[in-house]
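In: Sequence and predicted structure, then a few things I'm wondering about:
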Amino acid sequence: MLTILQLPVLNDNYIYLVHDPITGETAAIDPALAAPVLAALEQRHWRLNVILNTHHHNDHVGGNLELKQKTGCTIIAGSDDRPRIPGIDRPVKEHDVISLGRHPIHVLATPGHTSGHMVYHFTDDGLLFCGDTLFVMGCGRLFEGSAQQLWQSLQKLKALPPATRIYCAHEYTQNNGRFALSVEPDNRALQERMAIINQLRAKHEPTVPSTIAQELATNPFFREDSPSLQATLGMPAGDPVAVFARLRQLKDVF
Ligand code: ZN
Ligand code: FE
């Protein structure tokens, strides 16, 4: 079993540390900052072996160079981001399989939020580190891609086993859920989930991780085929990509 540590940093970012107690190896996913990672490593007597970056935004790579300098870790990131991710040692592309200890990690390309965005699927452990591609009840903004591209990327994630746990890089859930309710107000699973989310946030507790199954039931960006959602948008039986694009536009100004 892998140990997963969730470090809340900046306004609403999460850095994850994944530790394999068998081999003692540790990975940091999207270290926005070095200091909280170094403190967590020291406290647990863990050694950092590798950084996995999902994309080039500073709130995902800001700690790269200091961590590399202080721990000698290797930095893995998508090959398209090679020029713009600091300290990259090992560029990866879609369907590459890397590992932490004996735990295989399948790399998937998910362009849309950025052109080089990658996600890391620990296949045997059922864990997905998805950066800013998929959020709890939401998805990333389209900074460097089309709606069609991000929709296609999300189809890959939708197809993962339903029990897969989703570790996204931001705590955006409450706002995402409010938007989800605005487009699908009669979704019972969504109503029930929001009640739980509101309780968690009132106590400042994380709402991440989620699961693919929970997202299939409540995330509007996974539900472009929902008749009720299409009715709200005035797009009955709408083309999935067109509905998705409209959802993304509406969310941008929500
Ligand atoms: Zn980002
Ligand atoms: Fe981000």
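Out: It's in. Numbering: from 1, shown residues only. Ligands and ions are numbered 1, 2, ... in the order given.

In: Can you spell out which helices and strands pack onto the helix or strand that Ile196 is a member of?
Out: Applying DSSP states H and E as the criterion places Ile196 in helix 188-202. Helices and strands touching helix 188-202, by 3 or more CB pairs under 8 Å, 6 or more residues apart in numbering; DSSP states H and E, are helix 173-183, helix 212-218. All C-beta atoms are positioned from the backbone trio N, CA, C, and that covers glycine.

In: Am I right that Leu154 falls within a helix?
Out: Yes. Read with DSSP: H, G, I helix; E, B strand; the rest coil, Leu154 is one of the residues of a helix.

In: confidence score at it?
Out: The model reports Leu154 with a pLDDT of 98.

In: Ok, Gly238 next?
Out: Reported pLDDT for Gly238: 88.

In: Would you list the phi and psi of the nearest residue to it once chain neighbours are set aside?
Out: Spatially, and ignoring its direct neighbours in sequence, Gly238 is nearest to Gln230 (5.3 Å; CB to CB, 6 or more residues apart in numbering). Dihedral angles of Gln230 (phi, psi; degrees, to the nearest 10) stand at phi -60, psi -40.

In: Gln230 reaches Pro236, doesn't it?
Out: Yes. Contact criterion CB atoms under 8 Å: Gln230 and Pro236 qualify, at 5.3 Å.

In: which of the two has more neighbours?
Out: Gln230 (20 against 9; other CB atoms under 10 Å).

In: Give me the domain ranges for this structure.
Out: Following automatic domain parsing, one finds the domains of the chain at 3-168, 174-252.

In: Identify the residues contacting stretch 180-197?
Out: 137-138, 173-174, 177-178, 207, 214, 217-220, 223, 226, 228-229, 232-233, 247, 250, 254 (CB atoms under 8 Å, 6 or more residues apart in numbering).

In: what residues are up against Lys70?
Out: With CB under 8 Å, 6+ apart, Lys70 has these contacts: 34, 38.

In: pretty sure it is in a strand, no?
Out: No. Assessed with three-state DSSP, Lys70 is helix; it does not lie in a strand.
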